[in-house]
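Undergrad: 3D, please:
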Amino acid sequence: MNLVFGMDGVICTPVKEYREIETSKPLTNVKEFIEWLMKNEHHITIWCKRPNSLDWVMATKEWLADNQIPYDRLLFDRPYNPVMVSETPPNAKYYKHDVDLNIIADMFEEWKNDKIEEQKS
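TA: Below is the predicted model:
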């Protein structure tokens, strides 16, 4: 299974500046849990909201190495509170149990109505 972890507040205590990264602490049981996941052949991606700039990237990689946090892939610039579109918009209505797809289904219906109104004018 492909698992995506956040960084700040999920793996470690949050930081606001890259200079604070070295003082960040790993959260309880996270390292051991990720190690167990990897031992059981799961793929671990860390997708953090930190900027994708050299100072942040280098400090984050160093912190992960120093704290022996295993991962397969490290990504930056995760959007804040995204609505994930994981299905083609016309099919989203069939996945009402998924909150994000429910939002997309409603937006798609609104778009269709706007398009119909445009054609009438």
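
Undergrad: and the residue sitting nearest the centre point of the chain, its phi and psi?
TA: Centroid-nearest residue in the chain, with CA atoms, centre = their mean: W47, separated by 5.0 Å. Torsion angles at W47 (phi, psi; degrees, to the nearest 10) stand at phi -120, psi 100.

Undergrad: residue contacts, it?
TA: 4-7, 75-76, 78 (CB atoms under 8 Å, 6 or more residues apart in numbering). Bear in mind the C-beta positions are built from the backbone N, C-alpha and C, glycine included.

Undergrad: what of D106?
TA: D106 neighbours (CB under 8 Å, 6+ apart): none.

Undergrad: just the mean pLDDT for the helix or strand harbouring it, thanks.
TA: Element membership for D106 (DSSP states H and E) is helix 99-120. Helix 99-120 shows a mean pLDDT of 90.

Undergrad: and it, C-alpha only, in CSV?
TA: This file holds the C-alpha atoms of helix 99-120, laid out as CSV (Å, rounded to 0.1, in the frame of the first residue of the first chain):
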residue,chain,number,x,y,z
VAL,A,99,-16.4,14.2,0.9
ASP,A,100,-13.9,15.6,-1.6
LEU,A,101,-15.6,13.8,-4.5
ASN,A,102,-19.0,15.0,-3.2
ILE,A,103,-17.7,18.6,-3.5
ILE,A,104,-16.5,17.9,-7.0
ALA,A,105,-19.8,16.3,-8.0
ASP,A,106,-21.7,19.4,-6.8
MET,A,107,-19.3,21.7,-8.6
PHE,A,108,-19.6,19.7,-11.8
GLU,A,109,-23.4,19.9,-11.6
GLU,A,110,-23.2,23.7,-11.1
TRP,A,111,-20.8,23.9,-14.1
LYS,A,112,-23.3,22.0,-16.3
ASN,A,113,-26.1,24.3,-15.3
ASP,A,114,-24.0,27.3,-16.1
LYS,A,115,-23.2,25.9,-19.5
ILE,A,116,-26.9,25.2,-20.2
GLU,A,117,-27.7,28.8,-19.2
GLU,A,118,-24.9,30.1,-21.5
GLN,A,119,-26.3,28.2,-24.4
LYS,A,120,-29.8,29.7,-23.8
